[in-house]
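Q: Make a model of this:
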Amino acid sequence: MKRPVTIILVLVMLALVIFIFARKPRPPLKPRLAVKGRIAIVLDDWGYNLNNLGIVEGIKYPLTAAVLPNIKYSAIVAEELHSRGFEVILHLPLEPEEKYGLEKNTIMASMDKTQILRILDRDLTSIAYARGVSNHMGSRVTRDLSTMEVIFKELKKRRLYFLDSYVTAKSVCPGLARRLKLTFFKRDIFLDNKEDKKYIKQQIYKLKVKARQQGFAIGIGHDRKATLEVLKEVMPRLAREGYKFVFLSEMAQ
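A: I've put the predicted structure just below:
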């Protein structure tokens, strides 16, 4: 009786050994890539046309679109960009030092509170899905405390954030936002002051360095073919290097 039992035990042990050695070893887990820095890219001046919506289709990373109010394609482009996954903000026309090329109903430092709020309300109504506001031009107004206080108090009431494009070093916006406890961001790098792909790539490299140094960086470009084509090319590369692209609103988290 013992012999059959012994044979069975030997066969079981043999089968177990074969099973263990026949199993394919699990591949080692890939180490999770550490985030080197967060990058938010904002693209200004949407609304003049619909020319670059096709290029946007090929960009699979978060982007924030600043849409100008009350021009021909404002409402359409805000809807289209939102449907493509963009974060949409109002690109609010503010008075610059140089009085040329102004948009209709640009907010001026000489306006009273009623005029400012009327324009701001109309502009916000014209841009669906707006999560925040940035300044279009504005080198005169963003250094005017009384005008910006009217705007900021209304944005805080509506729970919207403000991005200072920082077109003047005399901007009162950072200090005012701190005092009013308004969610606030400031531009680090302009990406496309020159509409040249080589230059734009150099600016994005500077943005990357800034993100690595301080943990985050905000770059501002424009609704331009060259800018979008460069972003489509370099954003995947930066993501592989460990940089994380985020919506502007995520910078507050």
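Q: now residue 220, what's its secondary structure?
A: At residue 220 the chain is in strand, as set by DSSP: H, G, I helix; E, B strand; the rest coil.
Q: contacting residues for it?
A: Contact analysis of residue 220 by C-beta atoms under 8 Å, 6 or more residues apart in numbering lists 41, 42, 43, 44, 165, 187, 189, 190, 191. C-betas here are computed from N, CA, C, even on glycine.
Q: what about the third one, neighbour count?
A: What it means is residue 43. 26 (other C-beta atoms under 10 Å).
Q: Adjacent strands (with direction) for the host helix or strand of it?
A: Assessed by DSSP states H and E, residue 43 sits inside strand 37-46. Take DSSP bridges as the rule and strand 37-46 pairs in its sheet with strand 64-67 (parallel), strand 216-222 (parallel), strand 243-245 (parallel).
Q: Give me whichever of the ones you listed is most buried.
A: strand 64-67 (a mean of 28; mean count of other C-beta atoms under 10 Å).
Q: Quick one: name whatever helix or strand follows that one.
A: Following strand 64-67 toward the C-terminus (DSSP H and E): helix 74-83.
Q: Report the buried residues of that next one.
A: 74, 75, 77, 78, 80, 81, 82 (16 or more other C-beta atoms under 10 Å).
Q: What sits closest to the first one if chain neighbours are left out?
A: Leaving out its chain neighbours, the residue that sits closest to residue 74 by C-beta to C-beta, 6 or more residues apart in numbering is residue 47, at 4.3 Å.
Q: now the fifth one
A: With sequence-adjacent residues excluded and distances taken as C-beta to C-beta, 6+ apart, residue 80 is closest to residue 53, at 5.8 Å.
Q: Do I have it right that the one you found meets residue 78?
A: No - under the criterion of C-beta atoms under 8 Å, residue 53 is not in contact with residue 78, lying 11.8 Å apart.
Q: Which secondary structure element of the chain has the lowest mean pLDDT?
A: None of the helices or strands of the chain scores lower by mean pLDDT, DSSP states H and E than helix 2-22, at a mean of 55.
Q: Residue 250: neighbouring residues, count only.
A: 15.
Q: give the contact list for it.
A: 38, 40, 62.
Q: ok, those vs residue 154, which is closest?
A: Distances from residue 154 to these, taken as C-beta to C-beta, are shortest for residue 40 (23.4 Å).
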